[in-house]
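Student: Make a model of this:
(one chain, ligands or ions: 2)
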Amino acid sequence: MSGLKVSVLGAAGGIGQPLSLLLKLNDKIDQLSLFDVFNTPGVGADLSHINTDSSAKAFLPTSKEDTTQLAEALKGSNLVIIPAGVPRKPGMTRDDLFNINAGIVKSLAEGIAENCPEAFVLIISNPVNSTVPIVAETLKAKGVFNAKRLFGVTTLDIVRANTFISQLFPEESKASDFNINVIGGHSGETIVPLYSVGKSKSFYEKLSEQQKNDLIHRVQFGGDEVVQAKNGTGSATLSMAYAGYKLAESILNAVSGKSDVVECTFLNFDDSIKGSKEAKKLVGDLDFFSLPVLLGKNGIEEVKYEILNEINDDEKKLLSVAIEQLSKNIEKGVEFSKK
Ligand code: NAD
Ligand code: LMR
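Tutor: Ligands and ions are numbered 1, 2, ... in the order given. The predicted model follows:
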């Protein structure tokens with residue numbers, strides 16, 4: 001499949017700009033649609049000079065009430081990525097962003113329901129554990145929800161997990177050697193890296209208990225490292241743009257016929273997705289959770305829940321903490337969207 005239209009909502013932001021740049025380089029994309037509430041004309045003009053074959057078009061509302069620009073940006077979109085919303089400052093949790101970002105995400109989801117209900121939707125805006133349920137419930141209320149097409153972006157946790165273990169074995173490994181499954185959610189202890197499964201296992205087992213704990217803690221709280229280093233000016237943007245692009249690229253590849261594409265994503269367990277029932281039972285009956293999924297032409301084809309049967313006792317403990325916290329985050333998102 002080629003000639004695709006991809007929209008970025010929040011395109012002028014810290015993530016939106018480098019993410020849009022990466023998307024401009026993808027030859028499967030024909031039209032790149034850039035929506036934000038400020039500065040999109042500048043970002044659009046800049047990107048449009050790049051001599052790749054896609055067009056880059058900017059959309060900026062003229063007032064708070066103006067929904068025409070969002071509608072124009074979204075019409076005909078095959079894939080929509082949402083990094084719109086405020087980022088953290090030092091001392092804040094992702095949940096502290098809920099009050100502002102929940103409303104932003106809900107209104108953008110309404111725009112998607114009205115203008116491109118069939119699009120694949122990737123949610124970056126935090127708190128992901130709650131914003132993804134908000135989008136799901138909003139699309140359900142509009143009668144256009146398709147669980148196969150909704151993705152909470154947790155890819156940055158995998159990117160970090162790969163990098164951080166390779167840093168412990170500089171002589172024997174490279175970051176690109178790894179593809180760690182990181183499951184659960186996207187905040188603190190809801191992030192569960194599964195180092196004991198797959199290629200990382202032999203490296204992980206060489207670590208002391210203290211090193212293992214430190215490594216897991218670093219993945220769970222990796223976002224804080226960037227928030228602190230940026231010292232009040234925002235959170236991860238460049239690594240996030242890379243991670244968000246990676247998931248988008250995998251989806252576009254799968255849609256275009258590539259087989260065996262597997263990525264971790266925070267998804268809604270719906271009967272339309274193979275393995276959902278089994279997965280849900282293994283994660284305390286939660287409706288949303290990040291697990292590896294097989295991607296295909298229609299999006300999420302199958303949840304690879306079997307990995308949950310391979311985890312060690314330490315990871316089981318991490319999982320039960322994650323489940324408890326996640327259930328509150330999910331409930332908060334669902335409740336908000338019903339208001
Ligand atoms: P930013 O402030 O640099 O950019 C956000 C952009 O959203 C701004 O340009 C702003 O104008 C725009 N925006 C606000 N309201 C909007 C609306 N109604 N419609 C369209 N655009 C709107 O922030 P950032 O650093 O790009 O981060 C964006 C979000 O991504 C934050 O919530 C952050 O916590 C989250 N984030 C998530 C992950 C992840 O792993 N999922 C990683 C990093 C950051
Ligand atoms: C991250 O993991 O870097 C993002 O979720 C941003 C944050 O607030 O830490």
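Student: Get me the contact residues on the protein for ligand 1.
Tutor: 9-10, 12-16, 35-38, 83-88, 97, 101, 104, 108, 124-126, 128, 153, 156, 186, 234-237, 240 (C-beta under 6 Å from any ligand atom). Yep, even glycine has a C-beta here, placed from its N, CA and C like the rest.
Student: give me every residue that touches whichever residue of the stretch 201-339 of the chain sits closest to ligand 1.
Tutor: Nearest to ligand 1, among the residues of the stretch 201-339 of the chain, is M240, at 3.9 Å (C-beta to the nearest ligand atom). If you count contacts by C-beta atoms under 8 Å, 6 or more residues apart in numbering, M240 has them with I15, L19, P83, I124, L156.
Student: and if you look at S239?
Tutor: Taking C-beta under 8 Å, 6+ apart, one finds L156, V159, R160, V226 in contact with S239.
Student: Mind giving me the packing neighbours of the host helix or strand of F151?
Tutor: F151 belongs to strand 150-152 when elements are defined using DSSP states H and E. Helices and strands touching strand 150-152, by 3 or more C-beta pairs under 8 Å, 6 or more residues apart in numbering; DSSP states H and E, are strand 120-123, helix 128-141, strand 261-268.
Student: Let me have these in a markdown table, extended by mean neighbour count and mean pLDDT.
Tutor: Listed next are the helices and strands packed on strand 150-152 as a markdown table, based on neighbours: other C-beta atoms under 10 Å; pLDDT from 0 to 100:
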| stretch | mean neighbour count | mean pLDDT |
| --- | --- | --- |
| strand 120-123 | 27 | 99 |
| helix 128-141 | 25 | 98 |
| strand 261-268 | 23 | 98 |
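Student: Which one of those lies nearest to ligand 2?
Tutor: Comparing the helices and strands packed on strand 150-152 against ligand 2 with C-beta to the nearest ligand atom, the closest turns out to be helix 128-141 (7.1 Å).
Student: Using CSV, list the CA coordinates for the closest one.
Tutor: Extracted in CSV, the C-alpha atoms of helix 128-141 (Å, rounded to 0.1, in the frame of the first residue of the first chain):
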residue,chain,number,x,y,z
VAL,A,128,-0.8,7.1,28.3
ASN,A,129,-2.3,4.6,30.8
SER,A,130,-5.4,6.9,30.9
THR,A,131,-5.4,8.8,27.6
VAL,A,132,-5.7,5.5,25.6
PRO,A,133,-8.8,4.5,27.5
ILE,A,134,-10.2,8.0,26.9
VAL,A,135,-9.7,7.7,23.2
ALA,A,136,-11.2,4.2,23.1
GLU,A,137,-14.3,5.3,25.1
THR,A,138,-14.7,8.4,22.9
LEU,A,139,-14.6,6.4,19.7
LYS,A,140,-17.0,3.8,21.2
ALA,A,141,-19.5,6.6,22.1
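Student: contacting residues around S55?
Tutor: D30, Q31, L32, S48.
Student: Please check the contacts of S239 and keep the buried ones.
Tutor: Among the contacts of S239, those scoring as buried are L156, V159, R160, V226 (criterion: 16 or more other C-beta atoms under 10 Å).
Student: Read off the pLDDT value for S187.
Tutor: Each residue has a pLDDT score; the one for S187 is 97.
Student: If you could redo that for K338, that was the one I meant.
Tutor: 88.
Student: so it touches E137, yeah?
Tutor: Yes. Between K338 and E137 there is a contact under C-beta atoms under 8 Å: 6.8 Å.
Student: show me where pLDDT drops low in this protein?
Tutor: 1-2 (pLDDT under 70).
Student: Helices of that one, residue ranges please.
Tutor: 16-24, 40-48, 68-74, 98-115, 128-141, 155-168, 201-204, 209-220, 222-230, 238-255, 276-282, 313-338 (DSSP state H).
Student: Looking at the stretch 101-250 of the chain, which residue is nearest ligand 2?
Tutor: Taking C-beta to the nearest ligand atom, the stretch 101-250 of the chain has G223 as its residue nearest ligand 2, at 2.3 Å.
Student: In contact with that residue: list those residues for me.
Tutor: Listed by C-beta under 8 Å, 6+ apart, the contact set of G223 reads R88, R94, L156, S187, S235, A236.
Student: Now, of those residues, which are buried?
Tutor: R88, R94, L156, S187, S235, A236.
Student: restrict those to contacts with ligand 2.
Tutor: R88, R94, L156, S235, A236.
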